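**Q** sequence and predicted structure, then a few things I'm wondering about:
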Amino acid sequence: MRMIPVIAASTLALSLVASQAMAYQAGDVYVRGEFEKSDIDDNNNVSRENAFGLAGGYLFSDKLGMELGLGEDVEHDYQVGSQSGTLDRMPVNLLVQYYPLGGIEAARVQPFIGVGLNYTRFSSVSGAGMDVDDSYGVVGQLGMDLTLTENISATGFARYADVEAEFEQGGQGVADVSLNPLTVGAGVTYRF
């Protein structure tokens, strides 16, 4: 009786390991759900937070694709001069991704590198007359997909974005704060 669970677990493990990896190919479409931890630049007074993100992408060739990522609207505490309060930050990233092992059937591990544009929307700013302008900047990403089944991969990544929060009070500039988040995340990717 004890052999049945051992055999079942062994069969499941072997089927995951032996499943044929599907090569990254031109025309592939994918979606990803991910959990992210952003480490905001240490030289300011803005809190660090965790978030959920979504991404989707399309491969134009075996090795080159485009990804659009949207982060959850996350509330941060801030302190600028004598003013303190909260603000919501929502990042949107558009990246060109390069997959060096794209097109290789046997590659269970697919590293990727991306570069693109980050747009960060700031909203719900509290504090006496405080406002924050939205930010545009460069974003870079390194990551890896580990193929689990023909369509499902576990994904890990690190992303750095150039984000400047320009604080205003009553229409007058108060401070420019470099957030520059280094985001580390993991998620599950489904490829169609």
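**A** It's in.
**Q** where do the helices sit along this protein?
**A** 3-18 (DSSP state H).
**Q** show me the shaky parts of it.
**A** 1-22, 42, 44-45 (pLDDT under 70).
**Q** what about the strands in it?
**A** Listed in chain order, the strands of the chain (DSSP state E) span 29-39, 50-59, 64-71, 74-80, 83-98, 109-123, 130-133, 135-147, 152-161, 164-169, 172-178, 182-191.
**Q** quick one: the closest residue in space to Leu101 that isn't next to it in sequence from Thr147, how far?
**A** Sequence neighbours aside, Ala107 is the residue nearest to Leu101 in space, at 4.2 Å (criterion: CB to CB, 6 or more residues apart in numbering). For glycine as for every other residue, the C-beta is placed from the backbone atoms N, C-alpha and C. According to CB to CB, to the nearest Å, Ala107 stands 8 Å off from Thr147.
**Q** now do Met66
**A** 21 Å.
**Q** comparing the two, which shows the higher neighbour count?
**A** Thr147 (22 against 15; other CB atoms under 10 Å).
**Q** surely that one meets Ser153?
**A** Yes - Thr147 lies in contact with Ser153 (CB atoms under 8 Å); the separation is 5.2 Å.
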